[in-house]
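> Based on what follows, work out the 3D shape:
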Amino acid sequence: MSDATERPTVDSDAWAKACAEDLDAEKARRRAQYAAEPGSAAEELRRLFDVVAEKVTAFQSSMPGMAAQNAVQHLVYQAKSAVEPVIERNPEIFDHLAAAGGELLAAYRSAVEGHERRWTQGPADSKDATDPRDEGPGASEHIDLD
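Presented below is the predicted three-dimensional model:
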């Protein structure tokens, strides 16, 4: 064969590689634009408490009465002081809790997936060979009532 008639070698994974490169570039762009990647679950909980405290403080200034403002401030302080030692002593607990929550969600999804499919389908399409409610005499089986 001559060079003019030879086919160029095609990389079968070229599309997948290009997509992965584009996805990585988009992730890097979003990280640079919005913020750093999330930290550990303990760090995220600490950030959540800080943001909630800021919002409550902003909300507190619009509340009438000094007693209400002091009560809200005291509540925020108590919540932070109760959680902060736990975060300091055992930050890995929150990572484990986050992982356990993900596992529980996956288990729930797998448990209800079939039911959701049947609920969302029309009545004609709802027959499922694995559904125990569908067992029993079918359309092909004749039942003589005489």
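
> hey, let's count contacts and neighbours off CA atoms from now on
OK.

> What's the biggest helix in this structure, counting residues?
helix 91-120 (DSSP state H).

> What residues sit buried inside that helix?
For helix 91-120, burial by neighbour count (16 or more other Cα atoms under 10 Å) applies to 91, 94.

> Report the mean confidence score over that helix.
Helix 91-120 carries an average pLDDT of 86.

> same for it, what does it pack against?
For helix 91-120, the elements it packs on are helix 41-60, judged by 3 or more Cα pairs under 8 Å, 6 or more residues apart in numbering; DSSP states H and E.

> What residues sit buried inside the helix it packs on?
Per 16+ other Cα under 10 Å, helix 41-60 contains these buried residues: 41-42, 45-46, 49, 53, 56, 60.

> and the least confident of the residues you listed?
residue 60 (65).

> Please give me every residue in contact with residue 121.
For residue 121, no contacting residues are found, by Cα atoms under 8 Å, 6 or more residues apart in numbering.

> Contact partners for residue 99?
With the criterion set at Cα under 8 Å, 6+ apart, residue 99 makes contact with nothing.

> gap between it and residue 39?
Residue 99 sits 14 Å away from residue 39, going by Cα to Cα, to the nearest Å.

> can you check residue 106 too?
Between residue 106 and residue 39 the distance is 22 Å, computed by Cα to Cα.

> same deal with residue 45?
Distance, residue 45 to residue 39, using Cα to Cα: 10 Å.

> next one: residue 15
Taking Cα to Cα, one finds residue 15 at 32 Å from residue 39.

> With residue 54 instead?
Going from residue 54 to residue 39 by Cα to Cα gives 20 Å.

> Residue 66 too?
37 Å.

> repeat for residue 24
Distance, residue 24 to residue 39, by Cα to Cα: 19 Å.

> cool, and residue 79?
Per Cα to Cα, residue 79 is found 21 Å from residue 39.

> correct me, but residue 91 touches residue 42?
Yes - look at residue 91 against residue 42 with Cα atoms under 8 Å: they come within range, at 5.2 Å.

> Alright, that wraps it up for me.
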